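A.B. asks: Make a model of this:
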Amino acid sequence: MCELHFEAASFKGTAEKLVGTLGMIAGILAGLTAMIVLLMHWVSTGEKNLVLNFFAGGVVGLGIFIMVWAAISLGLPPLFAAPESKEARNAVKITHYWPNDQFVRLEFQNESLAEIVQKAN
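C.D. replies: You can find the predicted model right below:
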C-alpha cells in the first residue's frame, strides 16, 4: 500500500473516534452495572462467600464489558469513517493466508486495481 493510501486508511475522523470512545464508555457502564446487580442479588439472597461473589461478579462484568465494547467499537465506527478512508480500507481484503508457503488470497473491490496487480504478476 502506498503512503498516500496508508494515511487515508489509517485516518480516523472525529465522528469515528467519538463512536469508538462511546463504545468503550458503554462497555464500562454495562460491565459495572452487571457486576453491581449480581452483587446486590447475592447480598439480598444471603450469600456469605464475599470473595467468591466479588470474583464471579468481576468475571461476569468483564465479560459483559468485552461483549458490549466489541459490538459497538468494532461495528459502528467504520460506518462513520470518511469516504476516502472507507475506500482505502476496502480496496483489498485478505480472504485467506497460508503462512507455510506465504500464499495470500486477495479480494479486490476495484476492478482496475485487480487488473494492475494481475499484470504485475
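
A.B. asks: what's the neighbour count on Pro77?
C.D. replies: 20 (other C-beta atoms under 10 Å). Quick note: C-beta positions are derived from backbone N, CA and C, even for glycine.

A.B. asks: With Leu74 instead?
C.D. replies: Leu74: 11 surrounding residues under other C-beta under 10 Å.

A.B. asks: And it, which helix or strand is it part of?
C.D. replies: According to DSSP states H and E, Leu74 maps onto helix 50-75.

A.B. asks: List the first helix or strand encountered after that helix toward the C-terminus.
C.D. replies: Next element after helix 50-75 (DSSP H and E): helix 83-89.

A.B. asks: Quick check: which helices or strands does that next one pack against?
C.D. replies: helix 3-10 (3 or more C-beta pairs under 8 Å, 6 or more residues apart in numbering; DSSP states H and E).

A.B. asks: which residues of the protein score low on pLDDT?
C.D. replies: For the chain, the stretches with pLDDT under 70 are 1-11, 88-94, 97, 104, 106, 109-121.
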